[in-house]
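Novice: predicted structure and sequence below. I'll ask about it afterward.
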Amino acid sequence: MSEDTWSNLDKVDQKIIEILNSNARTPSKEIASELKKSGHDVSDRTIRKRIERLEKSGIIKGYKAVLTDVSGINEYQIVFMKLKPSKSLESVKGAIKEYITKLDNYLLVANMEGEWNMFTIIQTDSQTNTAQKIVEKFSEELIDYRINEIDIKDANILNVSLLLL
């Protein structure tokens with residue numbers, strides 16, 4: 001999927017994505033009704049076709065259940081990692097990313113330029129200290145690391161999804 005795909009989203013597509021982010025089970029008829037309220041006269045059939053196009057283009061990658069307040073865990077940590085310089089630095093970054101993305105509680109993993117090479121955001125779990133496990137697993141490749149508690153109260157899901165391009 002290219003950046004052009006995202007930049008070609010019109011207001012109707014953006015509103016469809018916004019509604020589906022709130023509730024992925026929203027019927028196309030209800031989405032059409034909501035769009036009519038904001039001045040876009042589209043049929044539920046048009047909505048279904050647009051959703052299908054958004055799925056085929058890879059903008060909508062799937063739907064999942066998001067549980068809130070079931071686990072009672074609303075705490076997050078960010079782990080900054082400074083890696084040892086080496087010829088295989090990209091390989092090390094790839095191994096770290098592969099490990100982290102297999103964790104159920106990761107939100108984001110990213111490469112960085114500057115003092116730190118990578119960071120990840122994970123949901124904390126008092127029973128298993130995931131952040132510390134990441135550090136321990138890759139301790140041979142780390143020069144330094146920082147684990148900080150962070151507070152995520154609100155996120156713009158549409159803009160966060162742009163990070164995945």
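Specialist: On my side now, so go ahead.
Novice: gap between the residue lying closest to Asn117 once chain neighbours are set aside and Ser139?
Specialist: Nearest residue to Asn117, sequence neighbours excluded (CB to CB, 6 or more residues apart in numbering): Leu83, at 4.4 Å. Just so you know, the C-beta spots here come from the backbone N, C-alpha and C atoms, and that holds for glycine as well. As judged by CB to CB, to the nearest Å, Leu83 and Ser139 stand 11 Å apart.
Novice: the more surrounded of those two?
Specialist: Leu83 (18 against 9; other CB atoms under 10 Å).
Novice: which residue ranges make up each domain of the chain?
Specialist: Domain assignment for the chain by automatic domain parsing gives 3-56, 76-157.
Novice: run the chain-centre distance for the first one.
Specialist: Centroid separation between domain 3-56 and its chain, computed with CA atoms, centre = their mean, to the nearest Å, is 20 Å.
Novice: ok, now the longest one?
Specialist: Put simply, domain 76-157 sits 15 Å off its chain's centre (CA atoms, centre = their mean).
Novice: what mean pLDDT does it have?
Specialist: Average pLDDT, domain 76-157: 89.
Novice: got it, and the first one?
Specialist: Averaged across domain 3-56, the pLDDT comes to 87.
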